[in-house]
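# Show me how the following folds:
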Amino acid sequence: MTLNEATIRIKNLRLRTYIGFNDDEIKNKQDVVINAVIKYDAHQAAQSDEVENAINYKTVTKSIIRLVENNRYYLLEKLTSDILAIAAEHPWVSWAEVEVDKPHALRFSDSVSLSISCSKEPQF
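Numbers count the residues shown, from 1 in each chain. Model (predicted):
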């Protein structure tokens with residue numbers, strides 16, 4: 001059997017941060033909802049059942065939490081790009097995508113979201 005790439009999905013990570021450039025947005029933290037998808041070759045992890053052969057999604061998530069909660073952003077584009085850099089930083093990652101939702105950003109809308117993806121050659 002030939003294994004395809006593994007997909008890690010971090011779903012609906014709810015955090016609070018300063019996002020936006022209106023006076024109210026600058027003064028008050030807002031909710032953001034983060035979804036990340038990370039693809040990598042998990043063949044060694046699947047064969048060995050050894051932690052060091054897998055990407056640690058808890059470590060990735062903790063890094064995202066630190067970034068979001070300890071910074072201020074004017075634009076969803078910058079916030080999403082910075083989170084994507086964390087999601088894709090492990091050398092085994094071949095592709096990653098991050099979507100950030102800003103609930104209640106627009107009247108009559110549940111949320112506004114922005115997504116960015118990247119691909120790279122995996123390094124082993």
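# Need the pLDDT of the residue nearest to the spatial centre of the chain.
Per Cα atoms, centre = their mean, the C-alpha nearest to the average position across the chain is that of A36, at 4.0 Å. A36 carries a pLDDT score of 98 in this model.
# Could you look up the SS state of it?
The local conformation at A36, judged by DSSP: H, G, I helix; E, B strand; the rest coil, is strand.
# I figured it hits A88, correct?
No - counting by Cβ atoms under 8 Å, A36 does not reach A88; the two are 9.5 Å apart. Any C-beta I mention is one placed from the backbone N, CA and C, and that applies to glycine too.
# is it true that V112 touches D101?
Yes - shown here, V112 and D101 form a contact pair, counting by Cβ under 8 Å, at 7.2 Å.
# Please work out the average pLDDT along the longest strand seen in the chain.
Longest strand in the chain by number of residues (criterion: DSSP state E): strand 6-19. The average pLDDT within strand 6-19 is 97.
# so how far is that strand from its chain's centroid?
Relative to its parent chain, strand 6-19 has a centroid offset of 6 Å by Cα atoms, centre = their mean, to the nearest Å.
# partners of it in the sheet?
strand 30-40 (antiparallel), strand 72-73 (parallel) (DSSP bridges).
# Output it as CSV, restricted to C-alpha atoms.
Extracted in CSV, the C-alpha atoms of strand 6-19 (Å, rounded to 0.1, in the frame of the first residue of the first chain):
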residue,chain,number,x,y,z
ALA,A,6,-1.2,13.2,5.7
THR,A,7,-3.5,16.1,6.4
ILE,A,8,-3.5,17.8,9.8
ARG,A,9,-6.5,20.0,10.3
ILE,A,10,-6.7,22.5,13.2
LYS,A,11,-10.4,23.4,13.2
ASN,A,12,-12.1,26.5,14.7
LEU,A,13,-9.3,27.7,17.0
ARG,A,14,-11.1,30.6,18.8
LEU,A,15,-8.8,33.4,20.0
ARG,A,16,-9.0,37.1,20.8
THR,A,17,-6.7,39.7,19.4
TYR,A,18,-6.5,43.3,18.2
ILE,A,19,-7.4,43.3,14.5
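# Kind regards, and thank you for your time.
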